[in-house]
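> what's the 3D shape of this:
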Amino acid sequence: MISSGYDLDREIGFLLAGVPHAFTLQIDELNGIHTLDNITVMLCGDGPSNLGKFTYDPSRGTLWSADDSMVSPLSAQSSQITSAITQISLGFELSWDYPWEEGQLGCKPSISIEDDLTTVAYQNNIGELTWELDNKFMAVPESMSDLTPPMIEPNGDSLYLRQGDEFQMDGSIYYAGSQVLASEIPDDLKVEIEVIYGTQEIDMEVDVDPDGSFSGSMVLPARVPLNPEMPVTTSVLNVPGLGSSMSNSDASVIVDSKAPQALFNLADYPDSSLTILDSDRLADVTVTVTMVDEIGMMDGPLQVSWVYVRDNGPVAGTEVTGELTMIIDDATNDVYQSPLDLNPINGMKIESGDYLWFWITSTDKSGNEIIGSGSESAPRQVTLRIMEFLGQFTRSVINPSNTPVQGDILTIETFWENPGKREGEYMVGLYELVEGGQWRLSLSTERDGEVSLSLPAESSSVYANFQWESWQPGQPNLYLIVDGDFDNPYQAITGINVSPPPTTESGGEDSQMIMLGGVLVVVVLGIAMTMMRGRESDDYYYEDDDEDYYEDDSWDSVGAKSEEEEEEEAEEEADEEVE
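Below is the predicted model:
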């Protein structure tokens with residue numbers, strides 16, 4: 001005749017104090033429920049007391065309960081299922097004064113129906129409808145926020161703060177047993193938020209809004225706590241009747257009073273601890289930083305910055321930010337490492353004396369900025385070593401002459417230097433730019449290919465030889481082409497002027513002139529020798545006959561030839577030799 005049920009909260013079967021509930025039952029009565037006198041529901045067994053009992057009179061449509069029942073009937077609604085079956089829904093509310101002991105066994109309801117003062121139906125201890133009373137409130141924190149700059153986001157249920165910081169907690173009121181959000185809030189309900197800071201108890205009370213939410217803020221003492229991590233306990237105050245509160249300590253604050261430090265560990269990471277950087281290898285610099293902090297750094301990569309410095313001042317337009325990835329997560333030492341492109345973003349040329357300032361911008365989880373080397377106030381100074389390949393052409397020597405005759409082959413010896421501190425290599429060829437803008441290979445470049453020219457660091461007088469054939473008269477347009485860059489010819493070889501080859505006629509005339517010149521030279525030499533011999537003879541005579549010497553005018557006509565005769569004889573002899 002009777003089937004029944006609850007609108008119970010959660011599977012455990014909780015009935016919430018101070019909250020409307022409904023008890024439903026179906027009655028099989030052909031004459032209709034209006035013929036019935038009383039329908040009595042006893043929520044907790046069928047004892048002699050009125051506790052948990054309320055009654056509905058279908059014939060009059062009235063509801064009532066005794067004062068000591070701790071149940072307030074609220075409403076009765078019926079609906080026809082079939083011609084014989086009627087469903088009734090009885091609304092009720094359990095008082096906050098309903099007695100319930102911790103650990104008490106669940107209650108089982110009973111139902112009785114009377115007609116003409118006679119019990120016509122009865123069900124006792126309906127086991128499948130066992131219920132427990134939930135009359136405990138709990139203040140559950142839902143969010144915490146840092147109110148003191150720098151504002152740090154919470155990490156789950158924990159909020160990292162610094163000493164003296166102010167934080168805010170927001171939450172809602174729940175029934176402790178069923179974890180159901182409280183919708184009916186008693187008057188004057190409050191929440192206490194408490195932190196044990198060292199040995200000092202810091203608490204505050206906040207009101208609960210009608211929707212069951214609460215919010216409050218607290219300022220921490222400006223001193224170092226005994227323990228950095230402290231739970232935040234919430235309790236509900238002024239719970240009505242026999243209701244109570246269950247404390248919640250899920251949330252906590254962690255006060256980090258020590259600033260982190262950066263360690264550039266040369267012992268473990270000698271090649272990535274930012275000591276000396278080569279200027280030509282800044283595009284891919286591996287950087288390793290160890291952060292020393294008891295509580296820990298902010299989650300995620302380590303944020304860093306750097307700037308170029310010249311004349312003891314930062315260079316505008318060169319400050320850059322980057323990040324390093326954590327590779328070791330230790331209790332107090334976290335190691336971060338990543339490759340960075342440290343080239344100047346403004347494209348400036350690095351000069352001798354330039355250096356870098358490098359610093360960490362990340363804070364620890366409580367917002368403490370780092371101190372010491374590598375901080376913004378004391379950035380790490382990184383030396384820049386100028387390491388460049390500065391290969392360049394210096395001069396050329398042209399052999400055998402820079403005035404060749406067409407068809408001659410010249411050897412062009414080129415000299416190069418590299419004053420830079422980084423070795424390098426060029427591929428060099430000798431080419432001639434001819435009419436029409438075409439490039440003509442030199443003799444050696446066509447024969448042997450381009451020369452691989454290795455230039456060690458700080459080298460000079462490195463030479464490379466080329467051969468070129470003077471194939472047409474004039475001044476050739478010779479260029480040294482480096483690494484195949486014909487759009488920007490590296491160096492012009494100048495000063496060469498090619499003469500046309502000599503003709504046959506001009507060659508015969510030149511030979512005759514040379515022969516005539518030789519004849520005249522022989523004649524002159526012969527005259528000179530004759531005169532010298534004559535003078536030697538006169539000197540000898542004078543020496544032998546010094547005492548008997550006398551001047552005789554007849555000598556020229558008798559004993560000697562005149563000078564004119566000697567000249568004539570010499571000329572005749574020369575003519576004979578020529579013939």
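> for the helix or strand harbouring D203, packing partners?
Here D203 is covered by strand 200-207, with elements defined by DSSP states H and E. For strand 200-207, the packing partners by 3 or more C-beta pairs under 8 Å, 6 or more residues apart in numbering; DSSP states H and E come out as strand 190-197, strand 213-219. To be clear about C-beta, it is placed using only N, CA and C from the backbone, and glycine gets the same treatment.
> S247: which of those strands is closest?
strand 190-197 (8.9 Å; C-beta to C-beta).
> what about that closest one, distance to the chain center?
42 Å (C-alpha atoms, centre = their mean, to the nearest Å).
> and the strands in the stretch 201-350 of the chain?
Ranges of strands in the stretch 201-350 of the chain, per DSSP state E, counting those that start in this stretch, are 213-219, 229-237, 244-245, 248-255, 261-263, 276-278, 285-292, 302-310, 313-314, 320-329, 333-340.
> in TSV: those, plus mean neighbour count, distance to V195 and mean pLDDT.
As requested, those are arranged in TSV below (neighbours: other C-beta atoms under 10 Å; distance: least, C-beta to C-beta, whole Å; pLDDT from 0 to 100):
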stretch	mean neighbour count	distance to V195	mean pLDDT
strand 213-219	17	7	96
strand 229-237	20	6	97
strand 244-245	18	18	96
strand 248-255	20	7	96
strand 261-263	20	28	96
strand 276-278	14	49	95
strand 285-292	20	28	97
strand 302-310	19	31	97
strand 313-314	12	44	96
strand 320-329	14	28	96
strand 333-340	18	28	96
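> Serialize those to a markdown table and add fields for distance to F358.
Listed next are the strands of the stretch 201-350 of the chain as a markdown table, based on distance: least, C-beta to C-beta, whole Å:
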| stretch | distance to F358 |
| --- | --- |
| strand 213-219 | 37 |
| strand 229-237 | 33 |
| strand 244-245 | 54 |
| strand 248-255 | 29 |
| strand 261-263 | 10 |
| strand 276-278 | 10 |
| strand 285-292 | 8 |
| strand 302-310 | 4 |
| strand 313-314 | 12 |
| strand 320-329 | 10 |
| strand 333-340 | 9 |
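> mind checking the ones you listed for the one nearest to D187?
The nearest among the strands of the stretch 201-350 of the chain, by C-beta to C-beta, is strand 229-237 at 12.3 Å.
> would you mind putting the helices and strands packed on strand 200-207 into JSON lines with distance to S59 alongside?
Below are the helices and strands packed on strand 200-207 laid out as JSON lines (distance: least, C-beta to C-beta, whole Å):
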{"stretch": "strand 190-197", "distance to S59": "47"}
{"stretch": "strand 213-219", "distance to S59": "46"}
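> picking up where we left off before, adjacent strands (with direction) for the strand holding D203?
Its sheet considered, strand 200-207 pairs with strand 190-197 (antiparallel) by DSSP bridges.
> got the angle between the partner strand and strand 229-237?
Between strand 190-197 and strand 229-237, the angle comes out at 160 degrees (axes from the mean of the first three to the mean of the last three C-alpha atoms, to 10 degrees).
> with only the CA atoms kept, save strand 190-197 in PDB.
Written as PDB, here are the backbone C-alpha positions of strand 190-197 (Å, rounded to 0.1, in the frame of the first residue of the first chain):
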ATOM      1  CA  LYS A 190      30.700  34.600  11.000                       C
ATOM      2  CA  VAL A 191      34.000  33.100   9.900                       C
ATOM      3  CA  GLU A 192      37.300  33.200  11.900                       C
ATOM      4  CA  ILE A 193      40.500  33.200   9.900                       C
ATOM      5  CA  GLU A 194      43.600  32.300  12.000                       C
ATOM      6  CA  VAL A 195      47.300  32.100  11.500                       C
ATOM      7  CA  ILE A 196      49.800  31.000  14.200                       C
ATOM      8  CA  TYR A 197      52.800  33.200  13.300                       C
END
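> residues contacting it, please?
The contact list for strand 190-197 (C-beta atoms under 8 Å, 6 or more residues apart in numbering) reads 139, 169, 171, 173, 201-208, 214, 216, 218, 220-221, 225, 230-238, 253.
> any weak-confidence spans in this structure?
Across the chain, the ranges flagged by pLDDT under 70 are 1-12, 504-579.
> how far away is S442 from T321?
53 Å (C-beta to C-beta, to the nearest Å).
> same thing with G216?
38 Å.
> so this protein: which segments form each domain?
Listed domain ranges for the chain are 2-134, 136-255, 261-385, 392-493, 509-578 (source: automatic domain parsing).
> these: which one's closest to P500?
Among these, the nearest to P500 by C-beta to C-beta is domain 392-493 (4.7 Å).
> now do the same end-to-end measure for that closest one.
End-to-end distance for domain 392-493, by C-alpha to C-alpha, to the nearest Å: 14 Å.
> how far does that domain sit from the chain's center?
In terms of C-alpha atoms, centre = their mean, the centre of domain 392-493 is found 46 Å from the chain centre.
> can you put the domains of the chain in CSV and add distance to P502?
Shown next, in CSV, are the domains of the chain (distance: least, C-beta to C-beta, whole Å):
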stretch, distance to P502
domain 2-134, 121
domain 136-255, 93
domain 261-385, 55
domain 392-493, 8
domain 509-578, 9
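> in the stretch 301-450 of the chain, which spans are helices?
Under the criterion DSSP state H, counting those that start in this stretch, the stretch 301-450 of the chain contains helices at 443-448.
> quick one on the thing from earlier: buried set for the strand holding D203?
In terms of neighbour count (16 or more other C-beta atoms under 10 Å), strand 200-207 has its buried residues at 202, 206.
> report the angle between it and strand 213-219.
Strand 200-207 runs at 150 degrees relative to strand 213-219, counting by the same axes, to 10 degrees.
> what comes into contact with strand 200-207?
189-196, 214-218, 220-221, 237.
> kindly recompute the last result at 10 Å.
Strand 200-207 is contacted by residues 139, 169-171, 185, 188-196, 214-221, 223, 225, 230, 232-235, 237-238 when judged by C-beta atoms under 10 Å, 6 or more residues apart in numbering.
> how far does that strand sit from its chain's centre?
44 Å.
> could you do stretch 70-81 as well?
Using C-alpha atoms, centre = their mean, the offset of stretch 70-81 from its chain centre is 68 Å.
> please save the CA atoms from it in CSV.
What follows is stretch 70-81 as a C-alpha-only set of coordinates in CSV (Å, rounded to 0.1, in the frame of the first residue of the first chain):
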residue,chain,number,x,y,z
MET,A,70,12.4,19.2,16.2
VAL,A,71,10.7,18.9,12.8
SER,A,72,8.8,21.7,11.1
PRO,A,73,6.3,20.4,8.5
LEU,A,74,6.3,22.9,5.6
SER,A,75,4.0,21.7,2.8
ALA,A,76,2.0,18.8,1.4
GLN,A,77,1.4,18.2,-2.3
SER,A,78,-0.3,15.3,-4.0
SER,A,79,-0.5,14.1,-7.6
GLN,A,80,-2.6,11.3,-9.2
ILE,A,81,-0.4,8.5,-10.6
